[in-house]
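Enquirer: coords please:
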Amino acid sequence: MMLQALGLLAFATVALCQSYAYTGTISLTQDEFCNFNNILHSQCDKQFESYLRQNPSLKKCSDSSPMFSNRCQSSYEVGTTSTTSQNEALSSNTVDEATEPTTIPDVKFPADDETIEIPPATNVSYSRKIIDFSLRLFQTAFPKGSPGNYILSPVMVQTLLSYLNDGASQATRQEMKTILQLSTNDLKQIRDVFQPTSEHYPKYKLDVASQIFKSPQIELLPGFQDSLSRNKVPMQEMDFTNPRIAASEINHWVNITTREKITSIIDERSLDPATQLMLLNAIYFNGTWLYSFNNTVRDTFHLGGNKQHPCNMMTLSQKLRYGYTGPNEDDQKLLWVELPYNGDEMSMILLLPANRFKLDEELLNFKISDLENILAEIEKNNKGKIKVKLPVFKAESEISLVKPLQQVSPSHT
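Expert: The predicted structure is shown next:
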């Protein structure tokens, strides 16, 4: 069966978790709660204690396990007394300190009353696995030696494949887990995270949409159909044997979904008539900078060596969060600068080579620890005066991910 998966980006950014409510069986650890809800490590204890106060049905069922649940298997709920006393002490301290009120997000679980047992926290957190996969796929798919721009959203790839996971055979499902390096619960959380609403982020416009085009010649497994229905992914029958009409309808969906930022991704010559299933997703982001750039001016952009190109440049002089990667000050690899959007909840992180024209080399050597250090430095909120000059640019990429996805599997590293 011919299957195609396409991801579109009108603009790529980091999506934060939204609040949820669930009334079925809840089983979770403190680490799972904080990782899933994107709570900073420094706030994790306080937020989780507050969540327990708001949900008194959650008890610690055993001293030997970090798991909390509203339906403990044993009638003897060990550790409940100590947890309650800690909550009361924290509540008293919170009132005395008169701290600002904190909104505690709910935890997302399935829409039905099915029990989901989130395993105890391991040494590798959910967020770290996401970052690790994203970096591996980015570097593996990186077009070495290409002079053009390159854009890829690994999380969107994970989202598409997570839809397939529910309807796949056991062998295929295990292979996907190996490649994605994520558990079934992780895949569910990926889909859930990419459903932010304007109520949570009124200063931004962030839309994520998915679409399935299916040949009338095939029938989908019930598990796959249930997954699409549960995740509100529309499905439309498509006659791929008529490439002209199929390409036109697919491009129309792309054009509407990306607010006309991407008008076409496929033509009838590149559409295989043997295709039976096509999965698409698109992400659209529209936000304004927290600090406005000056009007663009004509300047020179250096491409490498003696190559130069005139282009429109925008400039910003501001106190920003920035720093360097590398083992020490004498061996700096990349300069990073954070450009926050209005509201300071989402941002773009720029990476520039400390040694001019070494960007490709440094990106391929970039490690997950480098990114974690950058995020840790941003959390410290230390700012310094810096001048940023950026060219006005447009990035388009057409990438086959078949081999890169095979290569990011741990068995290939």
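
Enquirer: what helices and strands are in contact with the helix or strand that Phe33 is a member of?
Expert: In this structure, Phe33 is located in helix 30-36 according to DSSP states H and E. Helices and strands touching helix 30-36, as assessed by 3 or more Cβ pairs under 8 Å, 6 or more residues apart in numbering; DSSP states H and E, comprise helix 41-54, helix 126-141. C-betas here are computed from N, CA, C, even on glycine.

Enquirer: pull out the buried residues from the first one.
Expert: Going back to what we said before, that points to helix 41-54. The neighbour-count check on helix 41-54 (16 or more other Cβ atoms under 10 Å) flags 44, 46-53 as buried.

Enquirer: and for stretch 282-296?
Expert: Counting neighbours by 16+ other Cβ under 10 Å, stretch 282-296 gives 282-285, 287, 290, 293 as buried.

Enquirer: and those residues, which is closest to Pro222?
Expert: Each of the buried residues of stretch 282-296 was scored against Pro222 by Cβ to Cβ, and Ala282 proved nearest at 26.9 Å.

Enquirer: can you check the pLDDT for that closest one?
Expert: Per-residue confidence (pLDDT) for Ala282: 85.

Enquirer: pairing partners for the helix or strand harbouring it, with directions?
Expert: Here Ala282 is covered by strand 275-286, with elements defined by DSSP H and E. Partner strands for strand 275-286, per DSSP bridges, with pairing direction: strand 2-9 (parallel), strand 205-214 (antiparallel).

Enquirer: worst mean pLDDT among those strands?
Expert: Mean pLDDT values for those show the minimum at strand 2-9, a mean of 49.

Enquirer: rewinding a little: can you tell which of the helices and strands packed on helix 30-36 is closest to Asp370?
Expert: helix 126-141 (9.1 Å).

Enquirer: show me the protein divided up by domain.
Expert: As given by automatic domain parsing, the domain ranges for the chain are 2-14+124-288+397-412, 20-121, 297-391.

Enquirer: among the ones you listed, which is the most enclosed?
Expert: Among the domains of the chain, domain 2-14+124-288+397-412 has the highest mean neighbour count (mean count of other Cβ atoms under 10 Å), at a mean of 16.

Enquirer: Asp207 is in contact with Tyr284, correct?
Expert: Yes. Shown here, Tyr284 and Asp207 form a contact pair, counting by Cβ atoms under 8 Å, at 4.4 Å.

Enquirer: touching both of those two, which residues are there?
Expert: With Cβ atoms under 8 Å, 6 or more residues apart in numbering applied, the overlap between the contact sets of Tyr284 and Asp207 consists of Thr257.

Enquirer: hmm, back to that, closest to Gly326 among the buried residues of helix 41-54?
Expert: Cys44 (29.1 Å).
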